[in-house]
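Trainee: Any chance you can model this:
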Amino acid sequence: MLQAALSVNSYAEREFFVSKMAIYLFLLCVIFLLFSLIAPLLPNYCVYSRSTYLSLMTALEREGRWAEAVSQIRNMKAVHLPLDVVVYSAAISACERGAAWREALELLADMQAEGI
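Mentor: Have a look, this model is predicted:
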């Protein structure tokens, strides 16, 4: 009788623990969802400079990750940083290293269209 009472109590404690964990997991998911909805509305306190982007593009070029280097130009445009010959040259060099000639020619055309 005592052993049956202990096993019922143990089972009840286990069920309580599992239901408590399920509630915590649900709340964590709700918090994550709310944060993912609110995060784009928060101001971006991390402001990169032109030299930061150039350093990143140079590192990406060395790694042969030309597509990411080219995408940094779009990122610079999005934060209204000035684009110049040095920035485009870094991206074109990354394309050269990755044998992405079509993209390099597109960057040259973009430079010409922007009057650089």
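
Trainee: where does the protein have low pLDDT?
Mentor: Applying pLDDT under 70 to the predicted model, the residue ranges of the chain that meet it are 1-9, 39-47.

Trainee: For this structure, which segments count as strands?
Mentor: The residue ranges that make up strands in the chain, judged by DSSP state E, are empty, as it has none.

Trainee: so what's Val85 up against?
Mentor: Listed by CB atoms under 8 Å, 6 or more residues apart in numbering, the contact partners of Val85 are 111, 116. (Glycine included, C-beta is placed from N, CA and C.)

Trainee: What number of neighbouring residues does Ala113 come out with?
Mentor: 8 (other CB atoms under 10 Å).

Trainee: Regarding this protein, what is its longest helix?
Mentor: Counting residues, the longest helix in the chain under DSSP state H turns out to be helix 2-38.

Trainee: by contact count, what packs against it?
Mentor: Counting contacts by 3 or more CB pairs under 8 Å, 6 or more residues apart in numbering; DSSP states H and E, helix 2-38 packs against no other helix or strand.

Trainee: Arg74 and Glu13, how far apart?
Mentor: Relative to Glu13, Arg74 is positioned 55 Å away (CB to CB, to the nearest Å).

Trainee: Equivalent analysis for Lys20, please.
Mentor: In this structure, Lys20 and Glu13 are 10 Å apart, going by CB to CB.

Trainee: try Arg97
Mentor: Relative to Glu13, Arg97 is positioned 62 Å away (CB to CB).

Trainee: Between those two, point out the one with more neighbours.
Mentor: Shown here are Arg97 and Glu13; by other CB under 10 Å, Arg97 has more neighbours (16 against 10).

Trainee: Quick check: that one touching Leu60?
Mentor: No - between Arg97 and Leu60 there is no contact under CB atoms under 8 Å: 9.6 Å.
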